[in-house]
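Colleague: Sequence and predicted structure below; questions after.
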Amino acid sequence: MRKNNGIKAVALSTALTMALLAGCTNKSITKESDQATEADTKEAVTTASADTDAATTAEENTVAATTVAVATTAEDETKDVETTEEQEEPTTEGETEVETGTAEDVSTAAPEETTAAPVETTAAPVETTAAPVETTAAPVETTEAPVETTAAPVETTAAPVETTEAPEETTVEPETTPVVTSYDVRIVNWWQGEDEAPRTKYEKALWAYREQIQKDHNFTIHVDNIGGWGESYTTQLSASITAGDPIGQVCILEPSWFAALMNNNLMKPLEILPSLDLSKPKWNQGIFAATTYGGHVYGLPTVDEGGNRFGVYFNKRLLQEAGYSADALYDFQKNGTWNWSKFEEVLKACTRDADNDGVIDHWGMTCFCTEYYTAAIYSSGAEFVTKDASGKFVNQAKSAQFRDTLCWANEMWQKYAQPCPEGDTWDYFKACFNRGEAAMRVAQDYVATELWLMSDEWGFVMFPAPDGQEPITLQTSEVAFIPSSYSTEEADRIAFAYDLYTDPVPGYDSATIWKQNDMYVGYYDSKAIGETLTRMRSGKTKECLHYYVYGFEDQIGSGFIWDMADGSITPDEAIQAKMAAWNACIKEQNNALKLLK
């Protein structure tokens, strides 16, 4: 920094006063030596007084500088000013600052009141009068700003002199990334912990990318399995968020668990967070549609690692024994004939009494009935529940499309589905399909991990559409949320980290990289990946909206699907039996939406 040299205080005050009285233009005071002493100041008082023929005598025993203003006639003042101006050397504007002793070295005399207006150091022209000037013994305050003249009377202010160092001008380059305190983001779920060490080239690139973003942006992020399924897991989340100490910053849920936590205001609205761009192609827009209420978005899509899309697994050997080629279903799917009619044809052909003993040895299909009926309903375009323009849930189970689909699905089940063997467990269908007792199984794509030891070759196609319609893929995606106990600023930092964490790895095509997922190693049938799964990801999809109505999922098993599957009731009877319960669930959920904050 540059520091102004000290000058003689009284001489400065005298020059300023006379310049202002004469109506002269602004002048700055020349900077002198920084080592000026108190003795120099006293000498300046004597000299300045002589130059101006002032009536005021400087008090020699005064430690600090005394401002002396001379009461003379306007004519004499003008002459004195001209003389003084000739003696002064030109200085640079804005660079003069007076340095004096400390306040302890100065004794202040009370100002004498006069009838003339006090003098004011402003930028207006000076009004010259013979009024006596107030004098004080206080130190003079000066600044680097140039002295301006105005028409107002001049007032000498006895403020202490400030010796402030002017800040040195420096150029600071703006930072591209804000520096923030390091923070931790914990992604919690109920099934998976941290990833194992990378093995493939892509996994190594993914690992390196995620390490780099944490280093660059000063956060840590990791995945933790906090254990428990269903109520155990959600109870841990609810209790910790309510207490203000969430066990996770990003919490992943099954869609059917979502409403319970949302209804209790445990989720932070996401659209208010600046770091989240909800229009990015990577996000599953179906999740946003399902979790938007009252203009707020509460659900966040997870990394799409697959496993949640419904389709039909088939046994190639049993197809061949029924008179089809091993890849016949792929051909039907490719040429657009994989529909309800073709599905029934294949079911019928594969349901056979192979040894003619009057007992069916091979069935057209074996499935978990809840998955089968649900896939049939949504794949046809029907739904249990929809949302209207205001975001409220609407019961669609009373529609003709819903009823027609349910009747068709139930007919196929009763004719061609393998019944549960006597004394077996509810999940009998897993072992039965693996043993080659049924030609097809309706299930999600993660089931491929259960077929690795199957002796027969198998394939995987989409669930058939009604005749003349485009296939629709039903998917039941996990959904994440950020706890509401965080402030908007805290939640935005969490969202920023999660957004980066879920971004595609640079250098890899996000549209195809899913094929390197470990789960798909089990798909040794290339057509399952190249044709079926690719089409599922790029084609029309639906999320199960009824999962987001609290309590609704509990009303579609017992008394509805399970009772139809075992032949206890017809589809019409099932719909009638459950309609009141479904309406109650929907009404309760819509009322809960009104209370969201």
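Modeller: Yep, that arrived. Residues are numbered from 1 along each chain as shown.

Colleague: Would you state the helices of the stretch 201-350 of the chain in chain order?
Modeller: With DSSP state H, counting those that start in this stretch applied, the stretch 201-350 of the chain shows helices at 201-217, 231-242, 255-262, 285-290, 316-321, 328-335, 340-350, listed in chain order.

Colleague: highest average neighbour count across these?
Modeller: Comparing those on average neighbours per residue, with mean count of other CB atoms under 10 Å, the densest one is helix 255-262 at a mean of 22. Every C-beta, even on glycine, is put in place using the N, C-alpha and C of the backbone.

Colleague: ok so, going back, which of the helices of the stretch 201-350 of the chain sits closest to Pro483?
Modeller: Distances from Pro483 to each of the helices of the stretch 201-350 of the chain were compared by CB to CB, and the smallest falls on helix 231-242, at 4.5 Å.

Colleague: I would like the residues contacting that closest one, please.
Modeller: Applying CB atoms under 8 Å, 6 or more residues apart in numbering, the contact partners of helix 231-242 are 188, 190, 226-228, 246-248, 251, 253, 257, 260-261, 264, 266, 483-485.

Colleague: now swap in stretch 330-341 and tell me
Modeller: Contacts with stretch 330-341, where a contact means CB under 8 Å, 6+ apart, come from 325, 329, 342, 408, 459, 461-462, 464-469, 471, 527, 531-532, 535.

Colleague: which of those are buried?
Modeller: The neighbour-count criterion (16 or more other CB atoms under 10 Å) marks 329, 342, 408, 459, 461-462, 464-466, 471, 527, 531-532, 535 among these as buried.

Colleague: Using JSON lines, please lay out those residues together with secondary structure, distance to Val505 and pLDDT.
Modeller: What follows is the buried ones among the contacts of stretch 330-341, written out as JSON lines (DSSP: H, G, I helix; E, B strand; the rest coil; distance: CB to CB, whole Å; pLDDT from 0 to 100):
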{"residue": "Leu329", "secondary structure": "helix", "distance to Val505": "34", "pLDDT": "98"}
{"residue": "Lys342", "secondary structure": "helix", "distance to Val505": "40", "pLDDT": "98"}
{"residue": "Trp408", "secondary structure": "helix", "distance to Val505": "44", "pLDDT": "98"}
{"residue": "Gly459", "secondary structure": "strand", "distance to Val505": "30", "pLDDT": "96"}
{"residue": "Val461", "secondary structure": "strand", "distance to Val505": "30", "pLDDT": "97"}
{"residue": "Met462", "secondary structure": "strand", "distance to Val505": "28", "pLDDT": "97"}
{"residue": "Pro464", "secondary structure": "coil", "distance to Val505": "36", "pLDDT": "98"}
{"residue": "Ala465", "secondary structure": "strand", "distance to Val505": "35", "pLDDT": "96"}
{"residue": "Pro466", "secondary structure": "coil", "distance to Val505": "39", "pLDDT": "97"}
{"residue": "Pro471", "secondary structure": "coil", "distance to Val505": "30", "pLDDT": "93"}
{"residue": "Lys527", "secondary structure": "helix", "distance to Val505": "27", "pLDDT": "94"}
{"residue": "Glu531", "secondary structure": "helix", "distance to Val505": "25", "pLDDT": "94"}
{"residue": "Thr532", "secondary structure": "helix", "distance to Val505": "25", "pLDDT": "95"}
{"residue": "Arg535", "secondary structure": "helix", "distance to Val505": "24", "pLDDT": "93"}
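
Colleague: biggest separation within these, which pair?
Modeller: Spanning the widest gap among those are Trp408 and Lys527, at 27.2 Å by CB to CB.

Colleague: so who does Lys542 touch?
Modeller: Applying CB under 8 Å, 6+ apart, one finds that Lys542 lies in contact with 286, 378, 383, 472-475.

Colleague: how about JSON lines for those residues, with distance to Trp452, secondary structure and pLDDT added?
Modeller: Output for the contacts of Lys542, formatted as JSON lines (distance: CB to CB, whole Å; DSSP: H, G, I helix; E, B strand; the rest coil; pLDDT from 0 to 100):
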{"residue": "Gly286", "distance to Trp452": "30", "secondary structure": "helix", "pLDDT": "91"}
{"residue": "Tyr378", "distance to Trp452": "28", "secondary structure": "helix", "pLDDT": "96"}
{"residue": "Glu383", "distance to Trp452": "34", "secondary structure": "coil", "pLDDT": "97"}
{"residue": "Ile472", "distance to Trp452": "29", "secondary structure": "coil", "pLDDT": "95"}
{"residue": "Thr473", "distance to Trp452": "24", "secondary structure": "strand", "pLDDT": "95"}
{"residue": "Leu474", "distance to Trp452": "24", "secondary structure": "strand", "pLDDT": "95"}
{"residue": "Gln475", "distance to Trp452": "23", "secondary structure": "strand", "pLDDT": "92"}
